[in-house]
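Chemist: What follows is a predicted protein model with its sequence.
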Amino acid sequence: MTNLVALGLIATCFITSSFIPHLMTTWKIRDVSGMSFPTYLIITIGLGLWLI
């Protein structure tokens, strides 16, 4: 594994895990008014494709 691949894997972990606090807060307060659905959808699809 090259350093560039390792850096990409680390970046993937950070970006993917960055949504966890937001999702937990949204789950607790049951309010999604602060979220832009199209933006969230695009980011989620992009991250999903990145992980595949």
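Modeler: Structure received. This structure is a prediction, so every number in the text was calculated from the model and none was measured. Numbering: from 1, shown residues only.
Chemist: Look up the closest residue to the most centrally placed residue in the chain, ignoring the ones flanking it.
Modeler: Most central in the chain under CA atoms, centre = their mean is Thr16, positioned 3.6 Å from the mean C-alpha point. Counting by CB to CB, 6 or more residues apart in numbering, Thr16 lies nearest to Leu47, which is 5.7 Å off, once chain neighbours are set aside. No exception for glycine: its C-beta is placed from N, CA and C like everyone else's.
Chemist: From His22, how far off is the one you found?
Modeler: Distance, Leu47 to His22, using CB to CB, to the nearest Å: 13 Å.
Chemist: Can you pick out the residue with more neighbours from those two?
Modeler: Each of Leu47 and His22 has its neighbours counted (other CB atoms under 10 Å); Leu47 has more, 15 against 12.
Chemist: other SSEs contacting the host helix or strand of the more buried one?
Modeler: Assigned by DSSP states H and E, Leu47 belongs to helix 37-51. Secondary structure elements in contact with helix 37-51, counted by 3 or more CB pairs under 8 Å, 6 or more residues apart in numbering; DSSP states H and E, are helix 3-17.
Chemist: who touches the helix it packs on?
Modeler: Helix 3-17 is contacted from outside by Leu47, Trp50, Leu51, using CB atoms under 8 Å, 6 or more residues apart in numbering.
Chemist: Average pLDDT for that helix, rounded please.
Modeler: Over the span of helix 3-17, the pLDDT mean works out to 82.
Chemist: related to what we said a few turns ago, for the residue nearest to Thr16, report the pLDDT, please.
Modeler: Reported pLDDT for Leu47: 77.
Chemist: Same check on Ile52?
Modeler: Reported pLDDT for Ile52: 67.
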